[in-house]
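**Student:** Here you go, sequence then predicted model.
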Amino acid sequence: MNYIGSKFKLASFLKEEITKAVGSDLSQKVFCDIFAGTGIVGRTFKKDVKKVISNDLEDYSFVLNKNYIENHEEIVGKEGFIEELNSLKLIDSGFIYNHYCMGSGSQRQYFSDENGKKIDTIRTKLKEWSERKKIEDDLYYFLLASLLESADKVANTASVYGAYLKHLKKSAQKELVLQSAHFELNDNPHEVYKSDSNELIKKIQGDILYLDPPYNQRQYSANYHLLNTIALYDEFVPKGKTGMREYNRSNYCKKQEVAKSFEDLIKNADFKYIFLSYNNEGLMSSEQTRAIMEKYGKYDLKTKEYQRFKADKTQNRNHTANSTFEYLHILEKV
Ligand SMILES: C[S@@+](CC[C@H](N)C(=O)[O-])C[C@H]1O[C@@H](n2cnc3c(N)ncnc32)[C@H](O)[C@@H]1O
């Protein structure tokens, strides 16, 4: 998934720096990815560590991580379910079609009419199977994560769901085909939460804590509201032109709150090693970040230049550079 702040391209840099600091044998370590997003960082460490604890505030992220992180044993027959879901007769008036497709008269065009109907058809069937206990949680989250990923591929947006495009773009005209969201097999169980980082941190402990909070004011909940709606598939009245739902507001996206929340997180963390990815254009400056972390132990900093996430035109960005510096702040807590 093309996700704001995704560490997909930085995963090998992170692994290299984390093993340099902690040691190459991670087999007895508990690794926590507390702002997990797509789950790519936890996935990078899943096979190497004793346990991954994965967390994010958002429902779609919870679904992705339940699949990519928590699912770790083979699910027999899962491909048969994908085929079955792909060949269902489409239903006509589900929530996504009614509120987010043109043909229903909603005035919104996040998906083509056919794809909106297909999302409704698959999502309704998954809900029914889960309620009837026809499928267990592991299969449910595998299929739902597959739906989120496949729907995102045909979304009629420039990149995020803050706005839809007037005309159906090429990729949105393609038929939604449900594709498997593959997860890695391994021997150890993992844990996934949907919680505020600052609440969860008081309840967990481990060895390596990876922090990748938002670094600007753009709330993920607003930018990915439609993925939350597919994940939850609940009834609500969509608001305004974009059909927004009520959304979470993270303290990490608020200039006045971020430093205090960050310091509380560091202070309450029962983890020996803490790694923070942060951007040189973030709400907290590097000096501020360093000053906070230094209070709690031995501090180090690594940097890496990389290509920025391609934002759409609706986001009024002030920065025009194509590449940006990613900072990895390292703390060994004492
Ligand atoms: C920069 S993104 C993480 C990207 C992730 N590392 C990846 O590669 O996909 C920041 C994430 O923090 C989550 N988030 C924001 N505030 C949070 C909070 N207070 N507690 C937990 N998660 C939060 C957002 O939903 C978002 O997924």
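**Tutor:** That came through, no problem.
**Student:** okay, CA-based contacts and neighbour counts for the rest of this
**Tutor:** OK.
**Student:** Which residues of this structure lie near the ligand?
**Tutor:** Listed as neighbours of the ligand in the chain under the rule Cα under 6 Å from any ligand atom: 5-8, 35-41, 56-58, 195-197, 212-214, 220, 250, 252.
**Student:** 8 Å instead?
**Tutor:** Residues of the chain lying close to the ligand by Cα under 8 Å from any ligand atom are 3-8, 33-41, 55-58, 61, 194-198, 211-215, 219-221, 249-253.
**Student:** which element follows the helix or strand containing residue 139 toward the C-terminus?
**Tutor:** With secondary structure defined by DSSP states H and E, residue 139 is part of helix 137-153. Where DSSP H and E defines the elements, the next helix or strand beyond helix 137-153 is helix 170-173.
**Student:** what comes up buried for the longest helix seen in the chain?
**Tutor:** The residue-count maximum for a helix in the chain (DSSP state H) belongs to helix 113-131. Neighbour counts using 16 or more other Cα atoms under 10 Å place 113-124, 126-127, 130 of helix 113-131 among the buried residues.
**Student:** wait, which of those residues is closest to residue 89?
**Tutor:** In terms of Cα to Cα, no member of these lies closer to residue 89 than residue 121, at 7.7 Å.
**Student:** can you pull the contacts of the closest one?
**Tutor:** Under the criterion of Cα atoms under 8 Å, 6 or more residues apart in numbering, the contact list for residue 121 reads 88-91, 94.
**Student:** so which of those is the most crowded?
**Tutor:** Using other Cα atoms under 10 Å as the neighbour test, the contacts of residue 121 are led by residue 94, with 19 neighbours.
**Student:** Once you drop chain neighbours, what's closest to it?
**Tutor:** If the residues on either side of it in the chain are set aside, residue 94 comes closest to residue 120, at 5.2 Å by Cα to Cα, 6 or more residues apart in numbering.
**Student:** Could you measure from the one you found over to the ligand?
**Tutor:** Taking Cα to the nearest ligand atom, to the nearest Å as the measure, residue 120 falls 24 Å from the ligand.
**Student:** just residue 289 next, same as before
**Tutor:** The span separating residue 289 from the ligand equals 16 Å under the rule Cα to the nearest ligand atom.
**Student:** for residue 179, same thing?
**Tutor:** Using Cα to the nearest ligand atom, one gets 19 Å for the distance from residue 179 to the ligand.
**Student:** That residue: neighbour count?
**Tutor:** Residues contacting residue 179 under the criterion other Cα under 10 Å number 18.
**Student:** Repeat that for the one 10 residues further on.
**Tutor:** In terms of burial, residue 189 registers 15 neighbours under the definition other Cα under 10 Å.
**Student:** and stretch 72-88, what's its mean pLDDT?
**Tutor:** For stretch 72-88, the mean pLDDT works out to 98.
**Student:** domains of the chain?
**Tutor:** The record assigns the chain these domain ranges, following automatic domain parsing: 1-72+185-214+250-334, 75-182+224-249.
**Student:** By mean pLDDT, show me the worst of the ones you listed.
**Tutor:** Looking over the domains of the chain, mean pLDDT reaches its minimum on domain 1-72+185-214+250-334, with a mean of 93.
**Student:** How many residues are close by residue 1?
**Tutor:** 12.
**Student:** For it, give me its contacts.
**Tutor:** Contact partners of residue 1, counting by Cα under 8 Å, 6+ apart, are 38, 149, 152-153.
**Student:** what do you get if the cut-off is 10 Å, keeping everything else the same?
**Tutor:** Contacts were defined as Cα atoms under 10 Å, 6 or more residues apart in numbering; by that measure residue 1 touches 8, 38, 40, 148-150, 152-153.
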